[in-house]
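Novice: The amino acid sequence is not available; the structure is as follows:
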C-alpha cells in the first residue's frame, strides 16, 4: 500500500525519536551494506538498540540546531524515515551543507518518503545554506542511483574508515537547494 502525501507528516526530530531512528538506521545498514561489508564490519551498526543509544547520545550532547537539521517522516505516529543535514563543506567539494543521513524503513521504500524528506530539507537549506548541497554514499551502495536520478553529479571520491577497513564513498553535488528540488520533482514526473 502506497502512502498518500497527505498521510505523511514531516517534522523536526527529537531525542524521543532515538529508538525509531536507531531501528531504521540498523535496518538500512543491514539492507544496503551487507552485500559488501562483512558481518564483523557491520557489527553493532545493525543492532537497533546500539544505534538508538548512539543516536540518543548524538542528540543529547552533540546535535547543534544552528548547524544541523533532523527531519522525521511519520504516519499515524510511526516513524517511516529520517534525514539529517549539517552545514559546512565536509568533503572539500564547494558545498555549504551536506545531507549526512537519509534512511527510509525498508518496508516503506519506493513510496516517495525519501523525496519528501529531501524536499523539506531543501526548504531549511534555502534559509540556512543557499548554496551547493552534497550527499555522500558508499560506492557499493545499491541504492545510490537514487541520487543520480534526482540530478546529483559525482564530483569526488573519498575513503571512509569503518573500523579497520577503508571504503570508497562517492560525493554527489547539486548547485543549490532549488536544483535539488527540481531534480526531485522531475523524478516524480
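Specialist: Sure thing, it's come through. What you see is a predicted model, and the numbers here were worked out from it, not measured in a lab. Residues are numbered from 1 along each chain as shown.
Novice: Residue 36 in helix, strand or coil?
Specialist: coil (DSSP: H, G, I helix; E, B strand; the rest coil).
Novice: Quick check, residue 56 in contact with residue 16.
Specialist: No. With contact defined as Cβ atoms under 8 Å, residue 56 does not reach residue 16; the gap is 9.3 Å. No exception for glycine: its C-beta is placed from N, CA and C like everyone else's.
Novice: Neighbour count for the two, which is higher?
Specialist: Taking other Cβ atoms under 10 Å, residue 56 and residue 16 do not tie; residue 56 has more neighbours (17 against 9).
Novice: Please enumerate the helices of the protein.
Specialist: With helices called from DSSP state H, the chain shows them at 18-33, 39-42, 48-57, 113-128, 145-149, 177-188.
Novice: State the number of residues packed around the residue nearest to residue 133 when sequence neighbours are not counted.
Specialist: Once flanking residues are discounted, residue 133 sits nearest to residue 174: 4.8 Å by Cβ to Cβ, 6 or more residues apart in numbering. Residues near residue 174, counting by other Cβ under 10 Å, number 26.
Novice: So for this structure, the centremost residue is which one?
Specialist: What sits nearest the mean C-alpha location of the chain, by Cα atoms, centre = their mean, is residue 102, with 1.5 Å.
Novice: what is the residue nearest to it when sequence neighbours are not counted paired to in the beta sheet?
Specialist: Leaving aside its chain neighbours, residue 102 sits nearest to residue 83 (4.8 Å; criterion: Cβ to Cβ, 6+ apart). Beta bridges link residue 83 to residue 71, residue 102, judged by DSSP bridges.
Novice: give the contact list for residue 83.
Specialist: 69, 70, 71, 99, 101, 102, 114, 117, 118, 120, 121 (Cβ atoms under 8 Å, 6 or more residues apart in numbering).
Novice: hmm, 6 Å instead?
Specialist: 71, 102, 117, 121 (Cβ atoms under 6 Å, 6 or more residues apart in numbering).
Novice: again with residue 37
Specialist: No contacts exist for residue 37 under Cβ under 6 Å, 6+ apart.
Novice: what's the distance between it and residue 165?
Specialist: 8 Å (Cβ to Cβ, to the nearest Å).
Novice: And residue 51, by the same measure?
Specialist: Taking Cβ to Cβ, one finds residue 51 at 20 Å from residue 165.
Novice: and these two? which has more neighbours close in?
Specialist: Neighbour totals were compared for residue 51 and residue 165, and residue 51 leads with 23 against 12 (other Cβ under 10 Å).
Novice: May I have the beta-bridge partners of residue 137?
Specialist: residue 170.
Novice: Verify the contact between it and residue 146 for me.
Specialist: No. If you go by Cβ atoms under 6 Å, residue 137 and residue 146 don't touch, sitting 8.7 Å apart.
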